[in-house]
Each structure stands twice: as C-alpha cells, then as structure tokens.
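Novice: have a look at this prediction, sequence included:
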Amino acid sequence: MVVIAALYHFTKFEDPAGMKPALARLCCAEGIKGTLLLANEGINGTIAGSRDGIDKVLAHIRALPGCEAFEWKESFADEMPFHRMKVRLKKEIVTMGQPSVDPRASVGAYVAPEDWNALISRDDVAVIDTRNDYEVAIGTFDGAVDPETKSFGEFPEWWAENAERFKGKKIAMFCTGGIRCEKSTNYLLGQGVEDVFHLKGGILKYLEDVPEEESLWQGECFVFDQRVSVGHGLEPGPYDLCFACRRPISEDDKSHADFEPGVSCHQCIDEFSDSDRGRFRERQKQIALAKKRGQSHIGS
C-alpha cells in the first residue's frame, strides 16, 4: 500500500534554496516520489511512498522553521501515483501574483466538512469554486459559482469584474486541499468583503469525512497525480489524463475523433502545432517501446 500525503504550510523561509538539498536527498533515499515546492512563503506539495518513508519526510518538514504544527492529508493507493521526485524553488507555493496577499496575516473563517453543507445551503451565502476550469468540469458542489479561470492568477481579475453580483452575500470558497483558499480568502478580506469562509481541508477532506448519502458534492475531484480523480472515500475515479494538455479525459472522450493517445484530445486539438504533435508522437512511441521491454520510460 502506497501512502499519499498532500501538504502545505505558510511560514517565513529565509533560505528555501538552502533547505532544498537535504529535503531532496531524504526523499530520494526513502524512495519517495512526487513534488514539493519551496518558496519564501512556505512549502506545498504531494508526495507518495512507504509508511516509514513518508513519516521520515514529514518529520523533516516539521523541523523546518515555523512548521512545527503543519498539517497534511493522507490517502492511499495500490500503485505509486508519481514517476519521479521533484523539489523545486518557486516565487510562490501557489501562484496568485498578488504581492500584498499574506495568509499568515488573516484568512477567511474555517468551516469543518461536517458543517459545510449547512453553510452553503443558506440563501445569504454565495459559494465560489476557486479551481481551474478543467478541474471544475469533472466535479463541484451543487450550486457553486465557476469563475472559469484557466489559472489561479486570473482570479483577482475575475473578482474585480464580478464583485458587484455578490453584494450583500457571505462568501464561501473551496478548493482541492485548501491552499488556494488561504490566498483567495485573504484577498477578498483585503477587498473589503466582511464575511468570508472556506472549507477546512478542502474537497479532499470533505470527501473523506462526509458520508456519500449526505454529500452535496457532484462528480469527481481532480488530483494532480496519476490517479487523476478521486470520489467519496477518496477512491480513485474513472478519469485518465491527456498527456498532451494534462487535462482529465473520460472513456467517452477517448472515442472522440480528436483523441490520439499521448498526442491530443478534444480539449487541446487546437492548442499545439504540428511540430509539437510530432514530438508528442515520438514520446508516446518511446513509452510504448519501454513498456514492451518491461521498463519505465520516465525515471527518477
């Protein structure tokens, strides 16, 4: 059984570059795979591996400055959901592009999963999904507003154009694991919105804790690993990934005329050049040859 740990923590790192080597060495020594992002504002990522290996990495992170009480969410898989381990330095651990936003200063009120249904069912509450359009497309909460953003950095502009429609409303926000809402709720508070709430632990915690028969969630939750999506109880869902555009695709999508494994799907058929698609086809060919030899084309 593979343990998957999704984590983030906002804190002040004076020297994230200096932290990177030891963290990367530990992950590789323990056979951990996934991605961890380090920035001056903290750490974010998802990693997978053995119980012992994950525990050692989490202990290492807890020992980093300001991370003594950081929280994480766990799920489990039969197979390793990542191909390699990456520890990367970034300007932001989740990119919003708003230098004045600081979740350490203030965020919206946390709402536990068991209390979320009651909040979003109120007439005076507007529910906003802060995720990207392709994530929302396969699942969201009943009645949630979809900003139709292609990246989180578009959210401030969307809010500026739509703020008037939410006058007099309390705002409840949610995302996959909670990290985007740390920034988006801080941003709305800075814009003068008084009553801002967000789902503690995100969709993943809701799907883990709230029984399916009581759930207001519809569809699947996109995740950034080889599981592609999860449903209630964090069970892996029915979606695959288009390896050209990295968007989720269903079995029905694979029957579309624009679908070519590893090369295109109906969502990205107009997004790449013929040269790009030539590279994609060669990559797919090498993956197939490696699989035939019983090897992995993508290594650590």
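Specialist: Thanks, I have it. Numbering: from 1, shown residues only.
Novice: helices of this protein, start to end?
Specialist: Counting by DSSP state H, one finds helices in the chain at the ranges 16-29, 51-62, 113-120, 133-136, 155-162, 179-190, 202-209, 274-292.
Novice: now those as JSON lines including mean pLDDT, mean neighbour count and distance to Ser215?
Specialist: C-beta: built from backbone N, CA, C; applies to glycine. Listed next are these as JSON lines, based on pLDDT from 0 to 100; neighbours: other Cβ atoms under 10 Å; distance: least, Cβ to Cβ, whole Å:
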{"stretch": "helix 16-29", "mean pLDDT": "98", "mean neighbour count": "15", "distance to Ser215": "34"}
{"stretch": "helix 51-62", "mean pLDDT": "98", "mean neighbour count": "16", "distance to Ser215": "28"}
{"stretch": "helix 113-120", "mean pLDDT": "98", "mean neighbour count": "17", "distance to Ser215": "8"}
{"stretch": "helix 133-136", "mean pLDDT": "97", "mean neighbour count": "18", "distance to Ser215": "17"}
{"stretch": "helix 155-162", "mean pLDDT": "98", "mean neighbour count": "15", "distance to Ser215": "26"}
{"stretch": "helix 179-190", "mean pLDDT": "97", "mean neighbour count": "24", "distance to Ser215": "19"}
{"stretch": "helix 202-209", "mean pLDDT": "97", "mean neighbour count": "21", "distance to Ser215": "8"}
{"stretch": "helix 274-292", "mean pLDDT": "89", "mean neighbour count": "13", "distance to Ser215": "37"}
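Novice: among those helices, which is nearest Leu36?
Specialist: helix 16-29 (6.6 Å; Cβ to Cβ).
Novice: quick one: end-to-end length of stretch 200-217, please.
Specialist: End-to-end distance for stretch 200-217: 15 Å, by Cα to Cα, to the nearest Å.
Novice: ok, and what's touching that stretch?
Specialist: 6, 73, 75, 110-114, 116-117, 120-121, 139-142, 174-179, 181, 199, 221, 223, 230-234 (Cβ atoms under 8 Å, 6 or more residues apart in numbering).
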